[in-house]
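> missing the sequence, but the structure's below:
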Ligand SMILES: [Zn+2]
């Protein structure tokens with residue numbers, strides 16, 4: 001048993017996938033020339049008034065519901081005041097006193113790889129809406145810093161957990177599950193490398209079994225799950241080293257340096273009071289009705305965790321299959337359509353888990369970029385099951401559909417992949433083979449049973465391997 005315990009909570013910032021910004025109609029597109037997408041509202045010019053993008057509120061409520069949060073009936077915005085060059089207004093519009101969602105949870109899988117399956121509930125403290133700041137661009141040659149305000153006003157959700165994590169693995173499991181869920185409900189792309197999912201880690205340590213919480217630090221600038229995991233390992237070891245030697249931890253914000261694989265003190269951690277929060281006077285109170293909540297609950301798709309359960313209980317898929325098929329929205333959609341077309345969920349799962357996953361790995365393709373449609377894969381499975389094409393040709397069709405969205409039946413026509421299932425034609429071929437192999441036939445009739453395989457092989461060769469094997473065997477049996 002470890003001598004110390006880490007206590008970790010997360011603040012996850014999620015960029016919402018709306019077309020326009022949270023308080024103005026500027027586009028939210030990633031990239032483009034610096035400062036191409038700004039107006040007087042998001043650039044913070046005096047006198048400009050914000051108006052809430054309705055879609056942002058819808059997405060915030062949908063996310064609250066998916067995280068089992070209570071939706072606040074009278075939610076409000078507040079100003080968080082601080083000075084920083086990337087913040088032209090001099091304050092961020094956020095929610096402190098009445099955030100949109102509170103008291104939720106998400107269950108994460110903490111099964112150990114050896115086999116025992118276990119679930120842990122991570123409590124969600126709150127979820128609130130806010131606007132993003134601009135981006136500082138440091139010019140290495142000229143020793144200057146420039147500001148791109150295009151990101152100002154991009155809508156964010158901040159999801160704050162309770163300090164329920166006890167290991168980096170639990171944190172990564174939560175972030176993975178959260179990302180899958182947010183993509184499923186369609187509110188965010190969750191691309192960590194583009195900054196649309198950012199996690200800050202609050203961490204403290206204490207002697208194992210000690211009920212009192214230690215002083216925590218906050219770590220920022222974590223741009224991948226790997227960085228999150230490494231940073232937690234590093235920071236917990238750093239803190240424990242200090243505590244064990246009788247030192248004290250400073251309450252501070254630290255920056256993770258990916259290259260040096262170490263965290264560095266950035267600034268003393270601010271208290272909420274230092275931000276001089278006050279209610280945002282330019283935006284009205286949000287009165288959210290029960291009808292509104294019900295309406296949004298209705299448009300929510302089935303969540304990944306519920307689907308996983310249904311695949312196991314109703315489709316009788318193994319837990320392992322169900323986990324993989326629901327880990328990604330594109331794969332889930334492909335699976336469900338495939339299973340619908342071919343009418344055989346287990347077969348659909350096999351083709352995806354084995355053949356399609358291999359293609360994804362071999363070509364380094366992300367599931368997001370999948371071209372193949374469920375209707376195509378479903379058709380391929382039916383063709384193989386019905387003996388219209390061989391299993392090997394089925395794989396060839398899958399590859400063609402995967403690479404270039406080929407239509408299976410057309411591709412089979414063009415590449416002559418159809419198996420011969422014309423009984424008349426196969427009968428003629430079998431008769432010819434029997435005539436040419438009198439001796440083998442007579443030996444078979446005299447009891448040398450293994451000659452059957454030989455004759456079957458000859459007939460198959462005659463069709464260049466294109467006969468429906470079941471049908472050919474049946475005809476040969478009859479003719480003998
Ligand atoms: Zn704007």
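Now that the structure is in, tell me what you want to look at. If you're wondering where the values come from, they're calculated on a predicted model, not measured in any experiment.
> This structure - how does it break down into domains?
Residue ranges for the domains of the chain, per automatic domain parsing: 4-291, 302-414, 423-479.
> Regarding the first one, how distant is the last residue from the first?
Counting by Cα to Cα, to the nearest Å, you get 49 Å between the two ends of domain 4-291.
> same check, this time on the second one
By Cα to Cα, the extent of domain 302-414 from end to end equals 40 Å.
> ditto for the shortest one
For domain 423-479, the separation between the terminal residues is 13 Å (Cα to Cα).
> before we move on, back to that, as CSV, the domains of the chain with mean neighbour count and mean pLDDT would be great.
Yep, even glycine has a C-beta here, placed from its N, CA and C like the rest. Putting these into CSV (neighbours: other Cβ atoms under 10 Å; pLDDT from 0 to 100) gives the following:
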stretch, mean neighbour count, mean pLDDT
domain 4-291, 17, 91
domain 302-414, 18, 92
domain 423-479, 15, 87
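> Can you convert the ones you listed into a markdown table and add a column each for distance to the ion?
Output for those, formatted as a markdown table (distance: least, Cβ to the ion, whole Å):
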| stretch | distance to the ion |
| --- | --- |
| domain 4-291 | 3 |
| domain 302-414 | 28 |
| domain 423-479 | 64 |
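> wait, isn't residue 102 in contact with residue 68?
No: if you go by Cβ atoms under 8 Å, residue 102 and residue 68 don't touch, sitting 10.7 Å apart.
> Grab the most central residue of the protein for me.
The residue lying closest to the centre of the chain (Cα atoms, centre = their mean) is residue 180, at 3.4 Å.
> That one touches residue 323, doesn't it?
No: taking contacts as Cβ under 8 Å, residue 180 lies outside contact range of residue 323: 10.7 Å.
> how about the residue lying closest to residue 148 once chain neighbours are set aside, what does it touch?
Computed as Cβ to Cβ, 6 or more residues apart in numbering, the closest residue to residue 148 that is not its neighbour in sequence is residue 34, at 3.9 Å. By Cβ atoms under 8 Å, 6 or more residues apart in numbering, residue 34 lies in contact with 137, 146, 148, 150.
> The first one: what secondary structure?
Assigned state for residue 137: strand (three-state reduction, DSSP: H, G, I helix; E, B strand; the rest coil).
> what's the distance between residue 299 and residue 58?
Going from residue 299 to residue 58 by Cβ to Cβ, to the nearest Å gives 9 Å.
> and residue 420, what are its bridge partners?
residue 467 (DSSP bridges).
> So what's the residue count around it?
16 (other Cβ atoms under 10 Å).
> Check it and give its pLDDT.
Note for residue 420: predicted pLDDT of 81.
> Tell me how far it lies from residue 471.
8 Å.
> Repeat that for residue 387.
From residue 387 to residue 471 the distance is 7 Å (Cβ to Cβ).
> contact partners of the longest helix seen in the chain?
Identified as the longest helix of the chain according to DSSP state H is helix 225-244. Helix 225-244 has contacts (Cβ under 8 Å, 6+ apart) with 4, 6, 8, 167-169, 171-172, 175-176, 192, 199, 201, 203-206, 214, 217, 219, 222, 248-249, 254, 256, 258, 261-263.
> Go again with 6 Å.
4, 6, 168, 171-172, 175, 199, 203, 205, 219, 222, 249, 256, 258, 263 (Cβ atoms under 6 Å, 6 or more residues apart in numbering).
> Next: stretch 345-357.
In contact with stretch 345-357 (Cβ under 6 Å, 6+ apart) are residues 315, 317, 321, 335, 338, 339, 342, 381, 395, 398.
> got TSV for the residues you listed, with secondary structure too?
Formatted as TSV, the contacts of stretch 345-357 follow (three-state DSSP):
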residue	secondary structure
315	coil
317	coil
321	helix
335	helix
338	helix
339	helix
342	helix
381	helix
395	helix
398	helix
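> Widest-spaced pair of those?
315 and 395 (23.7 Å; Cβ to Cβ).
> farthest pair in the contacts of helix 225-244?
4 and 258 (25.2 Å).
> Could you look up the SS state of residue 358?
Going by three-state DSSP: residue 358 is helix.
> same check, this time on the one 3 residues further on
Taking three-state DSSP as the rule, one finds residue 361 in the helix state.
> picking that back up, the contacts of residue 34 in strands, which ones?
137, 146, 148 (DSSP state E).
> for the second one, what are its contacts?
Contacts here follow Cβ under 6 Å, 6+ apart; on that basis residue 146 touches residue 137.
> what are the ranges of the helices in the stretch 51-200 of the chain?
Assigned by DSSP state H, counting those that start in this stretch, the stretch 51-200 of the chain shows helices spanning 54-66, 168-184.
> and the shortest one, how far out from the chain's middle?
Read it as helix 54-66. 18 Å (Cα atoms, centre = their mean, to the nearest Å).
> Stretch 408-419 now?
Worked out by Cα atoms, centre = their mean, stretch 408-419 lies 35 Å from the chain centre.
> do the same with stretch 380-399
30 Å.
> Now the terminal residues of that stretch, how far apart.
End to end - Cα to Cα - stretch 380-399 spans 11 Å.
> And for stretch 288-306, what's in contact with it?
Against stretch 288-306 from outside (Cβ under 6 Å, 6+ apart): 61, 62, 65, 66, 71, 73, 180, 181, 184, 185, 326.
> and if we set it to 7 Å?
58, 61-62, 65-66, 71, 73, 75, 107, 180-181, 184-185, 326 (Cβ atoms under 7 Å, 6 or more residues apart in numbering).
> what's the most distant pair in these?
73 and 326 (32.5 Å).
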